[in-house]
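Q: the following comprises the amino acid sequence and a computationally predicted model.
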Amino acid sequence: MIEDKNPQRTPLSELGEFKLIEHLTAQFKINHKSTVLGIGDDAAILNPSKKQIVVTTDLLVEGVHFDLSYVPLKHLGYKAVMVNISDVCAMNANATQITVSIAVSNRFPLEALEELYAGIETAARLYNVDVVGGDTTSSTSGLIISITAVGEVEEDKVVKRSGAKPNDLLVVTGDLGGAYMGLQVLEREKEVFKVNPQNQPDLSMYTYIVERQLKPEARKDIVDLLKELDVKPTSMIDISDGLSSEIIHICKQSNVGVDLYENKIPLDPQVISTCEEFNIDSTTIALNGGEDYELLMTISQEDFPKIKGNPNLTVIGYMTEAERGMHLITRAETKVPIIAKGWKSFNENEKQ
């Protein structure tokens, strides 16, 4: 649980907006030739090569996307960058620059923002992206983070959601469901902590899934691996809202159907044991959990020998004609229609 053991609390009003940006971004270094001018002027200047430019943006809102009672600010900064880099990877592109904007309430001291930006700086350094701009402003409702990522990709290497063909193989990276189960553990421990604040949670049994929730990694390595294997997926998407939602996106954009095999879905042993503990079906979690930030792709059957046996890639199904529909083939070999119950940003019952 977060506990502020640092007595130093510097009010943001002591610095003012410009000094705050200067202070928070002092550690950011420029590495890409395509970054002509970064932070410090009215706008950044980029001079990309002859590649195509990919742009994506994401918004994280306190109380909707994260809970600071168990999310360390450094992890939050790191994750906010990963969410965007993951979208760039899903286009088979390499992220090169990001901008970072935050709205923050006066309950956050300077030291809290230093933690947040330390996470952003770590992510930018490890994934070799330049932080080239952004904004800070005040908020009346907690913390809001908006990150925009820019990436580049050669024109003939771009992969969209719309290129899947019948008979293509459906392939996923890594394993699924961990982030959602990590969230369940953290939520449970928060409730225990509310009742007994002296109780310190023991998360040692859940290290993998808690890390999947708090510190996900974008699969930049897969973009490099596919290049190495000489495999260009026919379609690709990142798994942010759950496997079923992403499969439906590919099927609709590509006008194809799918047969997804339940017994092929990759699950970590810790996910399986935690699902048993919570009495939740692990397939349901893999299908609907979300926030795994793995890559889901379709590849031509001709490329199967190139990926066969690769520990990073699992074939979980194959694409069919659109009229055959979207189905999960269960372990009992029955066909169940795939429907999206993934995480939704907007609650239909919420009063506007």
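A: Yep, it's here.
Q: my guess is residue 101 meets residue 143, correct?
A: No. Here residue 101 does not reach residue 143: they are 11.6 Å apart, not a contact under CB atoms under 8 Å. From N, CA and C alone the C-beta is placed, and that goes for glycine too.
Q: which one's more surrounded, these two?
A: More crowded of residue 101 and residue 143, by other CB atoms under 10 Å: residue 143, with 22 against 16.
Q: tell me the contacts of the more buried one?
A: Going by CB atoms under 8 Å, 6 or more residues apart in numbering, residue 143 touches 62, 68, 102, 103, 104, 105, 108.
Q: can you report how many residues neighbour the third one?
A: It refers to residue 102. Neighbours of residue 102 (other CB under 10 Å): 25.
Q: which pLDDT value belongs to it?
A: According to the prediction, residue 102 has pLDDT 95.
Q: and it, bridged to which residues?
A: residue 136, residue 145 (DSSP bridges).
Q: all strands for the stretch 201-350 of the chain, in order.
A: In the stretch 201-350 of the chain, the strands defined using DSSP state E, counting those that start in this stretch lie at 235-238, 256-261, 295-299, 313-321, 326-329, 335-337.
Q: okay, which residue is most central for this structure?
A: residue 83 (3.5 Å; CA atoms, centre = their mean).
Q: quick check, that one in contact with residue 217.
A: No. Using CB under 8 Å, residue 83 makes no contact with residue 217, being 11.1 Å away.
Q: which neighbours do the two share?
A: By CB under 8 Å, 6+ apart, the residues touching both residue 83 and residue 217 are residue 293.
Q: now do the SS call for the residue nearest to the centre of the chain.
A: Under DSSP: H, G, I helix; E, B strand; the rest coil, residue 83 falls in the helix class.
Q: excluding its backbone neighbours, what's nearest it?
A: Excluding its sequence neighbours, the residue lying closest to residue 83 (CB to CB, 6 or more residues apart in numbering) is residue 58, at 4.9 Å.
Q: just confirm the one you found is within a strand.
A: Yes. Judged by three-state DSSP, residue 58 forms part of a strand.
Q: got a list of what it touches?
A: Residue 58 makes contacts with 80, 83, 84, 87, 146, 147, as judged by CB under 8 Å, 6+ apart.
Q: may I have the secondary structure class of the last one?
A: At residue 147, secondary structure determined by three-state DSSP is strand.
Q: that one is in contact with residue 57, isn't it?
A: Yes. The criterion here is CB under 8 Å, and residue 147 meets it with residue 57 at 6.9 Å.
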